[in-house]
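Trainee: Please work out how this folds:
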Amino acid sequence: MSRLIRLAAALAVLVVTLAGCAGANAGASSQTLKWGFNLPTSWDPVTSSTGNDINTISLVYASLTQLDEKGTAGPGLAESWTYNADGTAVTFVLRPGLTFTDGTPLDADAVRQSLLRGKTQENSLLKDQLATISDVTADDPTHVTLHLAAPDYQVPNLLAGKTGAIVSPAAFTKDPGAIPTAPVGAGPFKFESFVPESKATLVKNPDYWDAGDVEIERLELTAGTDPTSVIAAVQSGALDVATITGRQVEQAKAAGLEVDVVDSFTVNQVDVHSGLAPLTDRRVVDALKYAVDRQAILDVTNGGIGNVTYQPFPQGYVAYNKALDQAYAYDPAKAKAMLAAAGYAPGSLSLTVTVNSVAQSTAELVQQQLQAVGVNATIKVVPPGSSTWQQEVYLGRKAQFALDGTVGRESPVQNLGVVYGPQGLMNTSKEASPEFLAALDEVRRTPLDDPRYPEVLQNAVKLGVEMSPSFSLGTSPRIAVRNPRVSPLPHFLSQYRWEGVTVAAPGSRA
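Mentor: Numbers count the residues shown, from 1 in each chain. Okay, the predicted model is just below:
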């Protein structure tokens, strides 16, 4: 072969190679997704302070287990687990060859160090959740055993979210203060850059255990989009996916955009502090439960999307107790009679409705409903910011009647503890009956595959609802508006998930 022919052949190969690279790059660039959502309170699961953070924390971390569409725990970093005979220890079997995005091995000892950090770090917000674990041992590189303080079959659920998100020991040993803004995990995406209060950029982690189901190559997370302009932002391509309210659904569809309504664990509720007068009288508290028109709230504030509920779980979930379907059905006449029996004439009782500024319209509607049964209600608006709300409601416990909501937890027992437990953030009264606490213990002692489990769990839910001065209002599905070039979002109760989501080229449809 002459030198000229060899040169021509080489050039032909080069052209084909470059063309292939160009095609690959084009495909990769089309798999960039721009998501408008809240940034987490911290990128460190140990110091993250809200349940909503699981939606973003899970981008960069993987947990030992994960929940399926119905909220049942399944394999994650661990491919299986086994309890000992009395339920006081559970051994997780890790997938072989796992690594963190810093290249260090994710083995049993890494899991041990990460979980113990959550138990012992001074500023850890996971201590209560991990209290059920007395010790962790690495039996060999792929077997890690959690030794429990008492029988607890909720652990696989518990570890499916932030509580079981595994952080690289090499990273937190080197600089624990860096993790809240520079996370190192083993999730579907790797951290690339971060501008606090503004934007985070992540790229696909090729070593993620389920990388084959992740099509998105680059995810740009943008915070602070004005709700009034979010539809225009998606229509223009500034965002690909964002969250909207039910009142915006028709506007989004009229703009030619797609809308996904995804059932979730989120339930709106009222936190009632029964230690603050006049709510020290249980007759007053129960009257308020009948005075609130839950369906009207859903219709006015969320376009009718969601379901009225009297418990902190959605229909179809294992914890949902059908016997509570009409527990405190709207009955203003009954509310008036109960207030009269407590000695309050119309207009003689006053209370303050505390609300975050984003839900002020809900507070105004509730104010009208309370006034209709003779209760004078004053609205106190708390500025945006989780720390402000915590100081006013959760920690300061200054609110009589706070419009709140639970985003749920991976373990139903954990969620019941948050809402009704004696130390639960949303239980501003800090009271819990012995019967309720005993029922929670029974749930923990019942294996998840025991035929009695649903009945035992639902009994605890019933006791919590009937005991608590606080009360649920309605479910709040996740409503996402997306550009037609993004494929439909998967439906998981627990959080936003991105497996199987694809992004077509601009101007195309998924």
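
Trainee: can you list the domains in this structure?
Mentor: Domain assignment for the chain, taken from automatic domain parsing, gives 63-168, 267-475.

Trainee: quick check: mean pLDDT across the shortest one?
Mentor: Think domain 63-168. Domain 63-168 carries an average pLDDT of 97.

Trainee: What distance separates the opening and closing residues of that domain?
Mentor: With C-alpha to C-alpha, to the nearest Å as the measure, the ends of domain 63-168 fall 12 Å from one another.

Trainee: if we can go back for a sec, now for the domains of the chain, which one comes closest to residue 237?
Mentor: Residue 237 sits nearest to domain 267-475 of all the domains of the chain, at 25.4 Å, using C-beta to C-beta. (C-beta placed from N, C-alpha, C; glycine too.)

Trainee: what separates the closest one from the chain centre, distance-wise?
Mentor: 19 Å (C-alpha atoms, centre = their mean, to the nearest Å).

Trainee: what's around residue 284, how many residues?
Mentor: Using other C-beta atoms under 10 Å, residue 284 is surrounded by 24 other residues.

Trainee: Looking at the domains of the chain, which is nearest to residue 48?
Mentor: The nearest among the domains of the chain, by C-beta to C-beta, is domain 63-168 at 5.8 Å.

Trainee: re the thing from before, quick one: the domains of the chain as CSV, columns for distance to residue 184 too.
Mentor: Below are the domains of the chain laid out as CSV (distance: least, C-beta to C-beta, whole Å):
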stretch, distance to residue 184
domain 63-168, 4
domain 267-475, 22
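
Trainee: Tell me which of those domains sits nearest to residue 55.
Mentor: domain 267-475 (8.8 Å).

Trainee: Which of the domains of the chain sits closest to residue 228?
Mentor: Closest among those, using C-beta to C-beta: domain 267-475, at 12.2 Å.

Trainee: Can you tell me what sits against stretch 370-378?
Mentor: With contact meaning C-beta atoms under 8 Å, 6 or more residues apart in numbering, stretch 370-378 is reached by 287-288, 291-292, 332, 335-336, 339, 344-353, 366-367, 401.

Trainee: Out of those, name the ones that lie in helices.
Mentor: 287-288, 291, 332, 335-336, 339, 366-367 (DSSP state H).

Trainee: just the buried members of those residues?
Mentor: 287-288, 291, 332, 335-336, 339, 366-367 (16 or more other C-beta atoms under 10 Å).

Trainee: count of neighbours near residue 113?
Mentor: Using other C-beta under 10 Å: residue 113 sits among 18 other residues.

Trainee: Can you report phi and psi for it?
Mentor: Phi and psi for residue 113, reported as degrees, to the nearest 10, are phi -60, psi -40.

Trainee: again, but for the one 3 residues further on
Mentor: Per-residue torsions, residue 116: phi -70, psi -30 (degrees, to the nearest 10).

Trainee: And for residue 254?
Mentor: Dihedral angles (degrees, to the nearest 10) for residue 254: phi -70, psi -30.

Trainee: ok, now the one 5 residues further on?
Mentor: Comment: the main-chain dihedrals of residue 259 come out as phi -130, psi 130, following degrees, to the nearest 10.

Trainee: give the contact list for it.
Mentor: Counting by C-beta under 8 Å, 6+ apart, residue 259 touches 244, 249, 252-253, 479-482.

Trainee: ditto for residue 126
Mentor: So residue 126 contacts 45-46, 118-119, 162-163 (C-beta under 8 Å, 6+ apart).

Trainee: biggest separation within those residues, which pair?
Mentor: Greatest spatial distance among those (C-beta to C-beta): 119 and 162, at 13.9 Å.

Trainee: ok, these two, which is more surrounded?
Mentor: residue 162 (25 against 17).

Trainee: I'd say the more buried one and residue 56 touch.
Mentor: No: with contact defined as C-beta atoms under 8 Å, residue 162 does not count as touching residue 56 (10.5 Å).

Trainee: before we move on, the earlier item: and the contacts of residue 259, which is closest to residue 105?
Mentor: residue 480 (36.0 Å).

Trainee: Please determine how far the closest one is located from residue 47.
Mentor: 27 Å (C-beta to C-beta, to the nearest Å).

Trainee: okay, those two: which has more neighbours?
Mentor: Applying other C-beta under 10 Å to residue 480 and residue 47 shows that residue 480 carries more neighbours, namely 23 against 19.

Trainee: got the contact list for the more buried one?
Mentor: 241-244, 259-260, 262, 489, 496 are the contacts of residue 480 under C-beta under 8 Å, 6+ apart.

Trainee: now residue 493
Mentor: Residue 493 makes contact with 67, 69-71, 263-265, 314, 317, 408, according to C-beta under 8 Å, 6+ apart.

Trainee: how does it look with 10 Å?
Mentor: 67-72, 262-266, 313-314, 316-317, 408, 410, 477-478 (C-beta atoms under 10 Å, 6 or more residues apart in numbering).

Trainee: Produce a PyMOL select command limited to the buried residues of these.
Mentor: The buried residues among the contacts of residue 493 can be selected in PyMOL (16+ other C-beta under 10 Å) with this line:
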select buried, resi 67+71+262+263+264+265+266+313+314+317+408+410+477+478
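
Trainee: Could you tell me which of the contacts of residue 493 belong to strands?
Mentor: 67, 262, 478 (DSSP state E).

Trainee: surely residue 142 meets residue 110?
Mentor: No: with contacts counted by C-beta atoms under 10 Å, residue 142 stays clear of residue 110, the gap being 11.3 Å.

Trainee: more neighbours, these two?
Mentor: With neighbours defined as other C-beta under 10 Å, residue 142 and residue 110 compare such that residue 110 has more, 25 against 18.

Trainee: ok, and the closest non-adjacent residue to the more buried one?
Mentor: Leaving out its chain neighbours, the residue that sits closest to residue 110 by C-beta to C-beta, 6 or more residues apart in numbering is residue 169, at 5.3 Å.

Trainee: likewise residue 43?
Mentor: Closest to residue 43 by C-beta to C-beta, 6+ apart is residue 183, at 4.1 Å.

Trainee: Same question for residue 173.
Mentor: Setting aside the residues directly before and after it, residue 173 is nearest to residue 113 in space (C-beta to C-beta, 6+ apart), at 8.0 Å.

Trainee: For that neighbour, give me its contacts.
Mentor: Here residue 113 is in contact with 136, 138, 166-170, 172-173 (criterion: C-beta under 10 Å, 6+ apart).

Trainee: now, which of those residues sits nearest residue 436?
Mentor: Closest approach between the contacts of residue 113 and residue 436, by C-beta to C-beta: residue 136, at 29.4 Å.

Trainee: Just confirm the closest one is within a strand.
Mentor: Yes: assessed by DSSP: H, G, I helix; E, B strand; the rest coil, residue 136 belongs to a strand.

Trainee: Residue ranges in the stretch 301-450 of the chain under the pLDDT threshold?
Mentor: Along the stretch 301-450 of the chain, the model assigns pLDDT under 70 to residues 385-386.

Trainee: Please enumerate the strands of it.
Mentor: Ranges of strands in the stretch 301-450 of the chain, per DSSP state E, counting those that start in this stretch, are 349-356, 375-382, 401-406.

Trainee: so what strands line up beside the shortest one?
Mentor: What that stands for is strand 401-406. strand 267-272 (antiparallel), strand 349-356 (parallel) (DSSP bridges).
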